[in-house]
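Student: Next one to model:
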Amino acid sequence: MLRSPGDIPKVHRTITRYKTLRKGRALQAERSSPSKSLHGADVSSARNGTDQSSNRAFQDVKHRVCQALCCGLVLLMNGIPLAHGARPFVTDDARLTTAGSCQLESWTRLNRASNPRARSEEFWAFPACNPSGNLEVTLGGALGKPAFGSQSSDYVAQAKTLFENLSPGNWGYGLAVGKVFHPEISPGPNQLGNSYAYVPLSYAASSERWVAHFNLGVLRDRASKENRFTFGGGLELRVNERWLGIAELFGDSGGGRYWQVGARYSIIVDLLQVDGSVGRPFGSAAESMQSFTTPYGPSPWLSFGLRYTPATIF
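Tutor: Down below sits the predicted model:
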């Protein structure tokens, strides 16, 4: 392998040597052709020597080029840490806040329908703490501001624990239960009813470059007095140390279907991240919403978030 930047000039010198030898071989052949019968032995000897030198140079070039390519591949494939799922996902992951610490996730979501009266803005804040090591407690809230009408507020209490910790090449899973008080802010896309429970299931690739998440649960909608099954599936892909991409589908048995894509950027690695996403309903959920012309389809929402994850607090 190329051990240092100093090896690069060696490759260039070898290539130059190879080209010079090939040129000399061609000139020698032209000069020797008329007198081949008189000096056949000398010409043959010179050609053999030139061929051997050319072959050695060519093999050296191939060897060093292969070394350079292998070195580049190793640099591209190594050193990618395990990704961490959170905002802007709606689908939850089988992970907890760091033991003995807390985190804060906050975001703004702009619901954009073509009918101005159907538009709204949401402002969310979800602080979560894990004081015991295997119990994450979240107490959050939101403020909704419709384009027309009075604003409303939501409050969420949730607890999550894991039965199997997520690790590279393995599955992790757990259980989360929660309750929403005064749920008026778009409960469908937020996957929150009055009371809910779900199983977060995640699988991390052995390479630690991507993680898949799956949710299956149930919610009790107080307004309709219905019990609904909820589901979700998402994929997070770590591009490099700072960039993470996400894509997901989620919904419920009442007909709500949604997709969302987004990205997260680490301003300070493992401490402070910002994110953004775009999503929209599809299927029967889209039929009840207004059309809005964007590259992402009808009735999208835009979301922008901030995430603070200190290593320890307690």
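Student: Show me the shaky parts of this protein.
Tutor: Applying pLDDT under 70 to the chain picks out residues 1-85, 183-188, 191-193, 284-299.
Student: And the helices in it?
Tutor: Applying DSSP state H to the chain gives helices spanning 7-32, 40-77, 187-190, 284-287.
Student: bridging residues for L104?
Tutor: P127, Y308 (DSSP bridges).
Student: Could I get the contacting residues of it?
Tutor: Each residue near L104 by CB atoms under 8 Å, 6 or more residues apart in numbering is listed here: 125-128, 307-308. For glycine as for every other residue, the C-beta is placed from the backbone atoms N, C-alpha and C.
Student: Make a PyMOL selection of the buried ones in those residues.
Tutor: PyMOL command restricting the contacts of L104 to the buried ones, with burial defined by 16 or more other CB atoms under 10 Å:
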select buried, resi 126+127+128+307
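Student: Distance to G140 added to the contacts of L104, as TSV?
Tutor: What follows is the contacts of L104, written out as TSV (distance: CB to CB, whole Å):
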residue	distance to G140
A125	6
F126	4
P127	7
A128	8
R307	13
Y308	14
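Student: Next, the distance between the ends of stretch 110-127.
Tutor: With CA to CA, to the nearest Å as the measure, stretch 110-127 spans 21 Å from end to end.
Student: Could you give me the buried positions within it?
Tutor: Buried, per 16+ other CB under 10 Å, within stretch 110-127: 111-113, 118-124, 126-127.
Student: now stretch 139-146
Tutor: Applying 16+ other CB under 10 Å to stretch 139-146 flags 140, 142, 144, 146 as buried.
Student: can those go into a markdown table with extra columns for distance to R87?
Tutor: Below are these laid out as a markdown table (distance: CB to CB, whole Å):
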| residue | distance to R87 |
| --- | --- |
| G140 | 12 |
| A142 | 14 |
| G144 | 18 |
| P146 | 23 |
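Student: from these, which is closest to Y196?
Tutor: G140 (13.7 Å; CB to CB).
Student: List the contacts of the closest one.
Tutor: With contact taken as CB under 8 Å, 6+ apart, G140 is in contact with 124-128, 155-156, 158.
Student: which of the residues you listed lies closest to N170?
Tutor: Nearest to N170 among the contacts of G140, counting by CB to CB, is A128 at 23.7 Å.
Student: And for the closest one, nearest residue in space, chain neighbours not counted?
Tutor: Distance criterion CB to CB, 6 or more residues apart in numbering; nearest residue to A128, sequence neighbours excluded, is T138 at 4.2 Å.
Student: With N134 instead?
Tutor: N134 sits nearest to T161 (CB to CB, 6+ apart), 5.5 Å away.
Student: how about the contacts of G140, which pair is most distant?
Tutor: Among the contacts of G140, A128 and Y155 lie farthest apart (CB to CB), at 14.3 Å.
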